[in-house]
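>>> This is a predicted model, with the sequence first.
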Amino acid sequence: MDGDRQRWRRCLLGGAVFAVCMAGTTLPTPLYGLYQEKFGFSELMVTVVYAVYAFGVIGVLLLAGNASDTVGRRPVLLAGLVFSAASAVCFLCATGMGWLYAGRLLSGLSASLFTGAATAYVMELAPSGGASRATFVATAANMGGLGCGPLLAGVLAQYAAWPLYLPFAVHLALVAGSAVVLARLPETVRERRPLSAVRPQRPGLPPQVRSVFAPAAIAAFVGFALFGVFTSVSPAFLAESLDVHNRAVSGLIVALAFFASTAGQLAVGRVGVGRSLSLGCAVLLLGLALLAGALWWDLLALVVASAVVGGVGQGLAFRGALSAVAAASPPDRRAAVISMLFVVAYTGISLPVIGVGLLVGPIGLEGAGLVFIACMAVLVVAAAGYLLRRPARAHA
């Protein structure tokens, strides 16, 4: 019993480190308006800066998503914390767009090293028989951390001095504390090899994962696409269309989507892994409809509702997808397979965000958002139909 308690404590500490790193990736979200005023760039450039992060994630996941299976979880996670700290330093030193690009790229590198490795690490730190709870800890740390980033930055930017500096200084302190915690946690990879043994992974899946991966990847793509556009353009929509200039409120609304995702993940235990994928797509469709209403009628209440409902749908789909893929993966390739799932997810973040940015100029922010919603609605309906015909089969 004491051994299980100690392992759960380690699992939760690993989740806390995961959350700190992911919070750093969303810190700039409510600050882009200030950067636009300071550097004078367009809304398209906001989406490009955001997409640079996603491309950094995708590149490293493809090239070294299996690194922690080879050299161990802790070395890879420590490297991720170093990149996270370097990203914060870039934002602290920002005097032009180049610093923002560098900061977002480094943030993407940190997230890419953490997503697969930290998810596998948190699950492996848990006692045997606790896979379902450990999966929730990992996914909640991921989404909860992403939600804490805009909330922390928004509150500090609105109510404290140095709005473009204090959030990143606080994050540097949290990263330093996380490095100390990580150094005290045990390694979970038993047969480690040197760094020279790491090879770029070719896109591919073990045969036993393929039937599970397709529906899981569809659900992950749709959910992350909604989050990508919501986090990149919602602060501008709140300010321009709803006259909401309080950065704490802007950060809170974005954070609500991520916190609702955590609630949706918690519901998977009752719904079941297979059903959560198709149900998550249905709830995502409702979230998209609410967001369309918010854009059409310029209603703050519908923005909040879309964040909560869309977040719950994303959480249902995401945890169901992750549970199915992790359960079907062989242990020696688990981080690599999870990384491939995140490649699909972050493709969902990057491509729609760039598309919305390109449409803002000719048809405006609301028009671009409605085009995005229409495209995602078609994809959600197609994904739900596919999932109903070919449900994912996995043990939670």
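Ah, there it is. Numbering: from 1, shown residues only.
>>> any idea which helix or strand of the chain has the worst average confidence?
In the chain, the helix or strand scored least confidently by mean pLDDT, DSSP states H and E is helix 43-64, which has a mean of 79.
>>> Give me the helices and strands touching that one, please.
Counting contacts by 3 or more C-beta pairs under 8 Å, 6 or more residues apart in numbering; DSSP states H and E, helix 43-64 is packed against helix 32-39, helix 97-125, helix 207-240, helix 334-389. All C-beta spots, glycine's among them, are computed from the backbone N, C-alpha and C.
>>> again, only this time at 7 Å
helix 97-125, helix 207-240, helix 334-389 (3 or more C-beta pairs under 7 Å, 6 or more residues apart in numbering; DSSP states H and E).
>>> Convert the C-alpha atoms of it to CSV, please.
Output in CSV follows, covering the C-alpha atoms of helix 43-64 (Å, rounded to 0.1, in the frame of the first residue of the first chain):
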residue,chain,number,x,y,z
GLU,A,43,-3.6,39.5,-37.5
LEU,A,44,-2.1,37.2,-40.2
MET,A,45,1.2,37.5,-38.5
VAL,A,46,-0.4,36.5,-35.2
THR,A,47,-1.5,33.2,-36.7
VAL,A,48,1.9,32.7,-38.4
VAL,A,49,3.6,33.2,-35.1
TYR,A,50,1.2,30.7,-33.5
ALA,A,51,1.8,28.2,-36.4
VAL,A,52,5.6,28.4,-36.0
TYR,A,53,5.1,26.7,-32.7
ALA,A,54,3.0,23.9,-34.3
PHE,A,55,5.6,23.3,-37.0
GLY,A,56,8.3,23.0,-34.3
VAL,A,57,6.3,20.4,-32.5
ILE,A,58,5.6,18.4,-35.7
GLY,A,59,9.2,18.5,-36.9
VAL,A,60,10.7,17.2,-33.7
LEU,A,61,8.0,14.6,-33.2
LEU,A,62,8.7,13.2,-36.6
LEU,A,63,12.5,13.3,-36.2
ALA,A,64,12.9,12.3,-32.6
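>>> so for the following helix or strand past that helix, what's the average pLDDT?
In the C-terminal direction, the helix or strand that comes right after helix 43-64 (DSSP states H and E) is helix 67-71. The average pLDDT within helix 67-71 is 86.
>>> do the same with stretch 165-172
97.
>>> ok, back up a step: now do the least confident helix or strand of the chain against helix 207-240, angle only.
Counting by axes from the mean of the first three to the mean of the last three C-alpha atoms, to 10 degrees, helix 43-64 lies at 160 degrees to helix 207-240.
>>> ok, back up a step: out of the helices and strands packed on helix 43-64, which comes closest to L279?
helix 334-389 (9.0 Å; C-beta to C-beta).
>>> Check which helices and strands the closest one is in contact with.
helix 43-64, helix 67-71, helix 97-125, helix 207-240, helix 273-297, helix 300-328.
>>> Now the least confident helix or strand of the chain: buried residues?
Using 16 or more other C-beta atoms under 10 Å as the test for burial, helix 43-64 gives 43, 45-62, 64.
>>> And stretch 207-216, by the same measure?
Quick answer for stretch 207-216 (16+ other C-beta under 10 Å): V209, V212, F213, P215, A216.
>>> With distance to V309 and pLDDT as extra columns, can I get the residues you listed in a markdown table?
Below are those laid out as a markdown table (distance: C-beta to C-beta, whole Å; pLDDT from 0 to 100):
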| residue | distance to V309 | pLDDT |
| --- | --- | --- |
| V209 | 31 | 84 |
| V212 | 26 | 80 |
| F213 | 27 | 85 |
| P215 | 22 | 77 |
| A216 | 21 | 81 |
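>>> Isn't V254 up against T231?
Yes. With contact defined as C-beta atoms under 7 Å, V254 reaches T231; the gap is 5.4 Å.
>>> Now list whatever residues contact both of the two.
Common contacts of V254 and T231 (C-beta atoms under 7 Å, 6 or more residues apart in numbering): T29.
>>> out of the two, which sits in the busier spot?
V254 (27 against 23; other C-beta atoms under 10 Å).
>>> And the helix or strand where the more buried one lies, how far out from the chain middle?
In this assignment (DSSP H and E), V254 forms part of helix 247-266. In this view, helix 247-266 has its centroid 12 Å away from the chain centroid, taken as C-alpha atoms, centre = their mean, to the nearest Å.
>>> Between the buried residues of stretch 207-216, which sits nearest A111?
The closest of these, once distances to A111 are taken by C-beta to C-beta, is A216, at 19.5 Å.
>>> which intervals of the stretch 101-250 of the chain have sub-threshold pLDDT?
Segments of the stretch 101-250 of the chain classed as low confidence (criterion: pLDDT under 70) are 196, 201-204.
>>> related to what we said a few turns ago, for the helix holding V254, buried residues please.
247-262, 264-266.
>>> returning to that earlier point: of the buried residues of stretch 207-216, which is the nearest to P30?
A216 (31.2 Å).
>>> That closest one - nearest residue in space that isn't next to it in sequence?
Excluding its sequence neighbours, the residue lying closest to A216 (C-beta to C-beta, 6 or more residues apart in numbering) is A321, at 3.5 Å.
>>> Could you do L284 as well?
L284's closest residue in space is G313 (C-beta to C-beta, 6+ apart), at 3.6 Å.
>>> Near the one you found, how many other residues are there?
Counted with other C-beta under 10 Å, G313 comes out at 29.
>>> what's the answer for V360, then?
V360: 21 neighbours (other C-beta under 10 Å).
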